[in-house]
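**Q** output the structure for:
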Amino acid sequence: MIDSKVLKLLIEEIINEELLTEGGAGGHMRHPFDLDDVKTGEDLIKKFEQIGSEIEGGNRPDTKIDGVNTSIKIVDTPEGKQFAMDRGSSKPIDVEGITVDRLPERFSAGHGMIPAGENVLGIFNDALKDAEPELKELGVLDDPTKFFNMEYVKGTTNVLAYDHDFLKIHGVSQFYEKKNRKGQPARPGLERPIDPETNKAIKDPSVPVAYDQEVMDRLVEKLNKVADKYGFKVYSSIPSTSTGDFDFSSVMNVPVPVTYSTGDIREETLGDRLKAAKNRIGETVKTVDGRKPPAQGKEIYKAVLGASAADTNADPERQIPLDELLASDEDYQRAIDGAVFWHGTRLLGNVIMNNMVVDHPAVSGPATEHEGLVIRLSGDDFDTKITGEFILGGEATSFRAAEPEAAKEVKAKNIAIFPGSFKPPHKGHLSIIERIAKNPEVDEIKVIISAPGKKVRSPKITPEKAKAIFEKFISAANITKPVSVEIASQPSPIGAAYEYIGEKAGPNENIMLLTSEADAKRYPQAVLDKAVASNKNADTVTARGFVLPVCRDEGCDTTEKVSATTIRNIVDAYPEITLQDLTKAIDHMPETMPTADKLAAFEMLVDDSVSNKFEDEELNNLNESVRFIMETIDKALDIILLTEKVRKTKGKEEYCVVSKNKKTKEGKLRTYGCYKSRKAANKRLGQVEGFKARAMAEGEELEEYEIVEVSSNAGGNASYGSAPLGMTRRSIIREED
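**A** From the prediction side, this is the model:
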């Protein structure tokens, strides 16, 4: 058999290549409850008292900017030193550095990082020669393991809008060393320290390094000499100032009730609960539906305390009783502690945020109008963030102090309308909501589900079911703007959209009807104007089509083909479906949803429990982690067993490495790379043969191994089992048709 250690190393290498490729270079910025010395609720209170004391002593927090994280370093090229981007992944191009000419090689056409990279690298490269003294003093000129960690702000960002384009340099960081499975450095850098609690190397991609702020300021001055021609400004800090004392005592008296069961609500103040609470970072709780969310996470915070961006109350009316939320009372205290730590961090953070202002050319005004503050506390080599209301991930934008009645006015509201049949909704639909929610023009999103007349696409998928499932999708996503789902009174989605404009739109509503590039003329302006004219609020209502470009960025749910018809056919065929059919149906649902929730949504569609059709073992194999492990083993073995033949592709001057039996979703044999020369193809083959040789070196003859084998049955389902290898798993380089 193949030695298990060899296979494990191969799998780890693939995981590193396939999954750990987009870990942000800048690393994780910590909340106060993430800090190592905050082990209890009392420690959390002391940490905020320390923050307040240091601010009053002159330690001015930086303003947390809501932009796109961009990290650059200096590399040596044949043309001399150049700045290059580095996304912090294990991909060779990141380790080598993504110079301007290699941006299209790293990012797909249309990816937002291409223009961002052109602007950032252009500014820094234009200033490089003049800024060499400062770059040398900062330690980045001759050390590509060190990089500038910065925020790129152009026009609008994830949640906030800024009035001009700028770069905000957070500081200088250095990568930790990354090793391959042989223990050899794959990414140079600092040796990783050992976490004393886990006794394992820490996983952070990098660590901030100390630098002289005066030198950084001189660098920024030189960068700004060239940044103007790109339409940007460069800043190294956007400091904030205290406007008063930080009094945390009132927060300690805030009531924090918890509902144990219906009718059993137990009252305590935040101060009392924090005194008894332990930090639950890294711990999980088991919910009644079998999931294991973090004990100290937003989901548990909102469920246990009924937390909402609408106010700062722990509201029993919004709480889920602990006995209905959790599978065991052993997890009650973990969940309460985790929720209380979030609530305490939010309210104590508000005390800081409410007493800080920002006055800077980039941004100004009360600190509460921005995402948060960042402070480097004495003795720390990392930054700590204070977010207050923004701890709810941007939901807090609706929570602001009420304006005086006389000063209030009815403000225009921009509402994006997304009409469709949604029979049923799928992850492609949700991706549109997620993308439009990031548009700063949009204040609110309405999904309108059309109600079928006599012609129904599926008798099982009713508008009510579509609405319930869409709401589950939205709940599972991290969408920061209000989204509602309603059912129209007519079968046509377009008719439903016009119905809203003509009959339901309120005063000062600006309606944007979402459509795609392929259907850009779906809503003629003349027809929209006619619908507006019939509205009783016509004087203040507007309507227009809003063309949403196709999302081709990395991570878009729409980059792979998704279709409501596919799910509908499976639902209509139930119970005469295979496990592969069920897998395909849940794969059309958002990745952010746990498998158990996806199965529950499917059961809603078919009005049956899938356990009546499939065995528990089969359903367990649908779990994302199990499927990933199986697919990874499959891929590792496929790579090991490539043969040595190289053949020229028909009619083309290139040579392709092609699997003999491994196919893509389109039914074509999987290709591992095509090259213009036999030499290049053989080089690729040599790499693959290296995998094979290392695997064989640990075992016996290849034909004598027993491995986990993937075979295909008539229905196309993948099945795993032990079988002699033989030729069934060999791959070749073949002449393509």
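
**Q** what lies in contact with stretch 208-217?
**A** With C-beta atoms under 8 Å, 6 or more residues apart in numbering as the test, stretch 208-217 has contacts from 134, 137-139, 146, 149, 169, 171-174, 236-237, 381-383. Every C-beta, even on glycine, is put in place using the N, C-alpha and C of the backbone.

**Q** give me that answer again for 7 Å
**A** Applying C-beta atoms under 7 Å, 6 or more residues apart in numbering, the contact partners of stretch 208-217 are 134, 137-138, 146, 169, 171-174, 236, 381-382.

**Q** pLDDT weak spots in the stretch 551-700 of the chain?
**A** Across the stretch 551-700 of the chain, the ranges flagged by pLDDT under 70 are 551-561, 616-617, 620-665, 669-673, 675-700.

**Q** try 50
**A** Where the stretch 551-700 of the chain drops to pLDDT under 50, the residues are 552-555, 557-559, 625, 633, 637, 639-650, 688-700.

**Q** re the thing from before, which of the contacts of stretch 208-217 fall in helices?
**A** 134, 137 (DSSP state H).

**Q** counting neighbours, which of the contacts of stretch 208-217 comes out on top?
**A** For those, counting by other C-beta atoms under 10 Å, the largest number of neighbours falls to residue 173: 25 neighbours.

**Q** quick check, pLDDT for that residue.
**A** What the model reports for residue 173 is a pLDDT of 91.

**Q** quickly list what it is bridged to.
**A** Legend: beta-bridge partners of residue 173 under DSSP bridges are residue 147, residue 208.

**Q** quick check: it vs residue 164, distance?
**A** Per C-beta to C-beta, to the nearest Å, residue 173 is found 26 Å from residue 164.

**Q** cool, and residue 267?
**A** With C-beta to C-beta as the criterion, residue 267 and residue 164 are 49 Å apart.

**Q** same check, this time on residue 539
**A** Distance of residue 539 to residue 164, given as C-beta to C-beta: 34 Å.

**Q** higher neighbour count, those two?
**A** residue 164 (13 against 9).

**Q** doesn't the more buried one belong to a helix?
**A** No: assigned with DSSP: H, G, I helix; E, B strand; the rest coil, residue 164 falls outside any helix and is coil.

**Q** any idea which helix or strand in this structure has the lowest mean pLDDT?
**A** Every helix and strand of the chain was ranked by mean pLDDT, DSSP states H and E. The lowest is strand 706-712, at a mean of 28.

**Q** residues in contact with the closest residue to residue 367 other than its chain neighbours?
**A** Nearest non-adjacent residue to residue 367, counting by C-beta to C-beta, 6 or more residues apart in numbering: residue 356, 3.8 Å away. Residues in contact with residue 356, defined by C-beta under 7 Å, 6+ apart, are 240-243, 367, 373.

**Q** partners of residue 356 in the sheet?
**A** Beta-bridge partners recorded for residue 356 (DSSP bridges): residue 242.

**Q** can you pull the pLDDT of it?
**A** Looking at residue 356, the pLDDT reads 91.

**Q** mind checking how far it is from residue 240?
**A** Distance, residue 356 to residue 240, using C-beta to C-beta: 5 Å.

**Q** need the residues touching each of the two.
**A** Shared contacts of residue 356 and residue 240 (C-beta under 7 Å, 6+ apart): 367, 373.

**Q** quick one: the strands in the stretch 101-250 of the chain, in order.
**A** In the stretch 101-250 of the chain, the strands defined using DSSP state E, counting those that start in this stretch lie at 146-153, 166-175, 178-179, 185-187, 194-195, 200-201, 206-208, 233-235, 240-242.
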